[in-house]
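1. Pasting a predicted model and its sequence here:
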Amino acid sequence: MSTSRKILAEFLGTAVLLCTVVGSGIMGQRLANGNDALALLANALATGASLYVLIVCFSTFSGAHFNPVVSVIDYLRGGLSSKQLGPYVAAQTTGAIFGVFAAHFMFELPVVEFSHHVRTGPSQWFSEYLATSGLVLTILLCDKYHKAKVPQVVAAYVVAAYWFTSSTSFANPAVTIARGFTDTFSGIRISDVAPFIIAQFFGGLTALFLAKVLGGKEVVVDIPQAGLHEQKLPIQ
């Protein structure tokens, strides 16, 4: 498949993802009458549902990364070439910002604005580190051992991480940058963005290390049942 089609898929997928994140945040806050828990629940469920659909639709085209950390880890594993990495990250970031602008336009807000939502401090940074390491480890292990279940598992993790992390699990540099351009429920101050991104990349590298440790050495085992001719299993 041509690189241009992969880049377009990453742009569109990330744009829709951010349109969902920001749009559902706006709608949830407007309808929740000040109940932030209800607004967060709506935000989390909409994001998880959208992510499931996007992974199913775009994984064939680009791998459905929608996340610079995922793309960098894929590059380090040899799945993405050095020529593709830059365009992937650029498409994800610009697509994310476009998705925020689209959500603003839908809800009759200023298309371009900057967030004043404070999200900073060691606990928030550690939260992003854990959220991203968990997300990337989920992707790596599920892709290796339960590939058909990747969309469901990733979507479920994201919904859960909205609730068990103090930062509400951005876990994505493109998402973090884009959410700096919305002064709504989902926003983050531009000045708070950089530490989040640093924590996210460290989380991704930790996940890669853990995946290698858990995977161990592998052998090819012939398993003819159910139409399977070979399957990689870890040596215990």
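-> Arrived safely, thanks for sending.

2. mind listing the helices for the protein?
-> Taking DSSP state H, the helices of the chain run over residues 3-31, 36-62, 68-76, 82-106, 122-145, 150-164, 173-179, 193-215.

3. Go through those and pick out the most buried.
-> helix 173-179 (a mean of 28; mean count of other Cβ atoms under 10 Å). From N, CA and C alone the C-beta is placed, and that goes for glycine too.

4. hang on, the earlier thing: out of the helices of the chain, which is closest to His116?
-> Closest approach to His116 among the helices of the chain is made by helix 173-179 (12.2 Å; Cβ to Cβ).

5. Tell me the gap between the closest one and the middle of its chain.
-> 10 Å (Cα atoms, centre = their mean, to the nearest Å).

6. and it, what does it pack onto?
-> helix 3-31, helix 68-76, helix 82-106, helix 193-215 (3 or more Cβ pairs under 8 Å, 6 or more residues apart in numbering; DSSP states H and E).

7. Report the inter-axis angle for the last one versus helix 68-76.
-> Looking back up the chat, that one is helix 193-215. With axes from the mean of the first three to the mean of the last three Cα atoms, to 10 degrees applied, the angle from helix 193-215 to helix 68-76 works out at 40 degrees.

8. And the contacts of helix 193-215?
-> 69-70, 72-73, 76-77, 119-120, 124-126, 128-137, 140-141, 144, 167, 170-173, 176-177, 180, 188, 234 (Cβ atoms under 8 Å, 6 or more residues apart in numbering).

9. what's the answer for the shortest one, then?
-> Among residues not part of helix 68-76, those counted as contacts by Cβ under 8 Å, 6+ apart are 63, 65, 80-82, 84-85, 88-89, 92-93, 132, 136, 139-140, 171-174, 200-201, 203-205, 207-208.

10. Give me the helix or strand of the chain that scores worst on average pLDDT.
-> The weakest-scoring helix or strand in the chain, judged by mean pLDDT, DSSP states H and E, is strand 218-221 (a mean of 42).

11. next one: stretch 108-119 to chain centre, how far?
-> 21 Å.

12. now stretch 71-86
-> 16 Å.

13. returning to that earlier point: including mean pLDDT, could the helices of the chain go into TSV?
-> Below are the helices of the chain laid out as TSV (pLDDT from 0 to 100):
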stretch	mean pLDDT
helix 3-31	97
helix 36-62	98
helix 68-76	98
helix 82-106	98
helix 122-145	97
helix 150-164	98
helix 173-179	98
helix 193-215	97
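
14. out of these, nearest to Glu113?
-> helix 82-106 (7.1 Å).

15. From the contact counts, what lies against the closest one?
-> So helix 82-106, by 3+ Cβ pairs under 8 Å, 6+ apart, packs with helix 3-31, helix 68-76, helix 173-179.

16. out of those, which comes closest to Glu108?
-> helix 3-31 (10.1 Å).

17. need the helices of the chain in TSV with distance to Val112, can you?
-> TSV is the format used below for those (distance: least, Cβ to Cβ, whole Å):
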stretch	distance to Val112
helix 3-31	13
helix 36-62	22
helix 68-76	22
helix 82-106	7
helix 122-145	25
helix 150-164	26
helix 173-179	12
helix 193-215	16
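
18. right, so of those, which gets closest to Ser115?
-> Here helix 173-179 is closest among these (Cβ to Cβ), at 6.7 Å.
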